[in-house]
Structure formats: structure tokens, C-alpha cells
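1. With the input below, show me the fold.
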Amino acid sequence: MFGNILVIANPAARSGKATQVAAQMASVLNRIKAHTPSEIETYSFHYTVAPKDATSFVKHQGARFTTVLAIGGDGIVNEVVNGLMAIPEVNRPRFGVIPCGNGDDFARTIGLDRNPTKSLQQFESHTLTPKRIDVACANGHWYLETLSFGLDAAIALGTQDLRTKTKRTGTSLYLQCGLDQLKNHRDIYNATIKLDSDDPQTLTFYLLAIQNGISYGGGFKICPQAHLNDGLLDICYAEPSLSFSAAAKLFLKAKEGKHLNDSHIHFAQAKQIQLNFEKPLPSQIDGERFEGTQVSIEIAPGALEVLMP
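-> Next up, the predicted model:
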């Protein structure tokens, strides 16, 4: 089933725990190979040494493998996916994740256990099945989960900075940064948006998310009705004006996806989206900084085979 396996690990993930998880992964692969030799032909490990290293390595070496596994968080998942999407589909390996990050939103979306030991057990017990999912693309950059602008992007990037400074992890950090942004930085942004062949519309918003998966920020279900295999992008935006208390309540509702009926929240779906912002604004893609005032987004249906529960 797995064939030739390439394991990409980010040794810095979850404060260095990914290195331990990679060692556990090697033991798992050895056991599978010993008990069912037909499952695995060969396996190799690559430990990233710099940003974008995973993308470059997979782009140039990935076609030699049947399965590529990522050990780490959403950042390494995004890098590996961008490498995979550079490989022609006929030669593109299937993809798997052993979550070992801070938010692990993609792992949450596909139902993987965020405990690395338990996710390795899922892998070893053959409870993961290859399934086709969509992949989104923004200005040539592929993503599996989220692209967002404005307030929510400022929260995501602020959380990243706070994590670096404090060495703390977890959803509580996102909540702390979120409440601070809501209290002190409820900036209003303007954009022109064009969905598929519709006429362009003007948006005034606090936040704008273009989702492939349902969540961001470590489990905030911003688009709880999104599906990874429906061939559509899900859009959510929040329009002014909201007091701090109203915004805070809405923010906490979004943690569980209970914001669907709020009058300030709007949803849409499309296959292609064109965005034009009047000025630069906080932007993130799968938790990493994104730049651009003119953004073209599209969905590639069923472009990637992923090992899922």
C-alpha cells in the first residue's frame, strides 16, 4: 500500500518533539516492513533545515516515492503540499500527516488524532485510507486549509509572534491574542471581490477567510460547512460594526462553529475568486505570512490523494 516512503520532518515542531516522533515513525515502519514486507519497499527521512526546504526537496525528489509523510504542524504540511503540487499528477505521491504542531488544523479537519503516538497507531493499524481531496491555490501558492485577511490574519500572525517570544503553545495563545486584537485593533478593510462569473462586489469587513477546510487558529471552525472534496472554496467575512463585547462573543462562538446565524457574518462559495484590496493588510496562508493586494484564488478538485481515517 505505502510503497516507497519519504518522511519529511520539521525538527523544530512542537518545541523539538518532532525529532522524537520521527524516531517513533522509523520504529513503526520497521515493524510494518517486518510483518508485511509487501506494504513497504523502502523508506527515507529528510529533516528540514530552513524555511521552504521541504517544498524544494519534495519538488525535486518526491516523484521517486509512492507516499510522502509530513511530521510537524500546518507549516510543514503546507510546504510539502507545495512540493507535491509541483509534480505532475500522474507521478504525484499520496500524502500523509503525523500531526506534531501547535494548531494542526489540517489534521483536525481530516480527523487525525493530534497525539502523535496515537496518530502513529492509526498509521500502523492500517486504519488510514487514501482519499482524494481538493487543493486551493492563491497567486500560485497552494494551500489545504485556510487563507485569510484582516483581523483573523492579524490574530494568527500575532499568535505566531507571541509563541516565539513566550515559548507557549496551544489554542489558549490564539484566544489571548484574539481578544487583544478585538479590543485594540478592530480595523476595517475594503476590497473588491469577484466570485466565478458574477459581477464584482465591494466588501467592507473586519475579517475575510477563504477556506478549503473548516478551521484555522487551532480548531476555530470558521467555515464549519466546508468540505475538502466538494470542488468549492468557502468564503466567510464579518462586516462592521461591532462593539468589543459583541465581537468577543462572536469570536468565542466561532470556536465551535456557532456563528452561522449572526447578522454580521456572511458566507458564500465559489470555484474561482478574484480579490483586490485598496491597501496592504494582514494576510496569512495556512498560518504563514502572505502578501499581495491583488489575489487570484482557485480550487483544484481531487488533486491530491491523502491518507485519512
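2. residues contacting residue 32?
-> With contact set as Cβ atoms under 8 Å, 6 or more residues apart in numbering, residue 32 has these partners: 2, 39, 40, 124. Backbone N, C-alpha and C define where each C-beta goes, glycine included.
3. Strands - which of those land there?
-> In this view, those that belong to strands under DSSP state E are residue 40.
4. closest to residue 296 among the contacts of residue 32?
-> Nearest to residue 296 out of the contacts of residue 32 is residue 2 (Cβ to Cβ; 35.7 Å).
5. Format the contacts of residue 32 as JSON lines; extra columns: distance to residue 220.
-> Converted to JSON lines, the contacts of residue 32 look like this (distance: Cβ to Cβ, whole Å):
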{"residue": "2", "distance to residue 220": "33"}
{"residue": "39", "distance to residue 220": "37"}
{"residue": "40", "distance to residue 220": "37"}
{"residue": "124", "distance to residue 220": "31"}
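6. Using ChimeraX, define a selection of the buried residues within the contacts of residue 32.
-> Burial among the contacts of residue 32 is assessed by 16 or more other Cβ atoms under 10 Å; the matching ChimeraX selection reads:
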select :2,40,124
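7. From residue 63, how far off is the nearest residue to residue 51 once chain neighbours are set aside?
-> Leaving aside its chain neighbours, residue 51 sits nearest to residue 79 (7.9 Å; criterion: Cβ to Cβ, 6 or more residues apart in numbering). Here the distance between residue 79 and residue 63 works out to 17 Å (Cβ to Cβ, to the nearest Å).
8. Equivalent analysis for residue 176, please.
-> Separation of residue 176 from residue 63 (Cβ to Cβ) stands at 43 Å.
9. which residue packs closest to residue 136, ignoring adjacent ones?
-> Excluding the flanking residues, the one nearest residue 136 by Cβ to Cβ, 6+ apart is residue 212, at 4.3 Å.
10. Surely that neighbour and residue 143 touch.
-> Yes - taking Cβ atoms under 8 Å as the definition, residue 212 is a contact partner of residue 143 at 6.6 Å.
11. buried sites along the longest helix seen in the chain?
-> In the chain, ranked by residue count with DSSP state H as the criterion, the top helix is helix 13-35. By 16+ other Cβ under 10 Å, the buried positions in helix 13-35 come out as 13, 14, 17, 18, 19, 21, 22, 25, 29, 32, 33.
12. same check, this time on stretch 56-76
-> 57-59, 62, 65, 67-76.
13. quick check, nearest of these to residue 304?
-> residue 68 (10.3 Å).
14. Please read off the pLDDT at that closest one from the model.
-> As predicted, residue 68 sits at a pLDDT of 98.
15. Show me how this structure divides into domains.
-> The chain is divided into the following domains under automatic domain parsing: 3-127, 146-301.
16. weakest of those by average pLDDT?
-> domain 146-301 (a mean of 89).
17. Relative to residue 68, how far out is the residue nearest to residue 136?
-> 19 Å.
18. got it, and residue 90?
-> Using Cβ to Cβ, we find residue 90 at a distance of 16 Å from residue 68.
19. how deep is the residue nearest to residue 136 tucked in, by neighbour count?
-> Here the number of neighbours of residue 212 (other Cβ atoms under 10 Å) works out to 29.
20. And residue 47, by the same measure?
-> Look at residue 47: counted by other Cβ under 10 Å, it has 16 neighbours.
21. residues in contact with the residue nearest to residue 21 when sequence neighbours are not counted?
-> Spatial nearest neighbour of residue 21, excluding adjacent residues (Cβ to Cβ, 6+ apart): residue 116 at 4.4 Å. Residue 116 makes contacts with 17, 21, 24, 71, 98, 99, 100, as judged by Cβ under 8 Å, 6+ apart.
22. Next secondary structure after the one helix or strand the fourth one maps to?
-> Meaning residue 71. Following DSSP states H and E, the helix or strand that holds residue 71 is strand 67-72. Using DSSP H and E, the helix or strand that follows strand 67-72 in sequence is helix 74-84.
23. Only the C-alpha atoms, please, for stretch 228-241, written as PDB.
-> C-alpha atoms of stretch 228-241 as PDB (Å, rounded to 0.1, in the frame of the first residue of the first chain):
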ATOM      1  CA  LEU A 228     -12.400  19.100   1.300                       C
ATOM      2  CA  ASN A 229     -13.900  17.200  -1.700                       C
ATOM      3  CA  ASP A 230     -16.800  19.400  -2.900                       C
ATOM      4  CA  GLY A 231     -14.800  21.300  -5.600                       C
ATOM      5  CA  LEU A 232     -15.600  24.600  -3.900                       C
ATOM      6  CA  LEU A 233     -13.900  27.300  -1.900                       C
ATOM      7  CA  ASP A 234     -15.900  28.500   1.200                       C
ATOM      8  CA  ILE A 235     -15.900  32.200   2.000                       C
ATOM      9  CA  CYS A 236     -16.700  33.800   5.300                       C
ATOM     10  CA  TYR A 237     -16.500  37.500   6.200                       C
ATOM     11  CA  ALA A 238     -17.500  39.700   9.100                       C
ATOM     12  CA  GLU A 239     -18.800  43.200   8.500                       C
ATOM     13  CA  PRO A 240     -18.800  46.200  10.800                       C
ATOM     14  CA  SER A 241     -19.800  47.500  13.100                       C
END
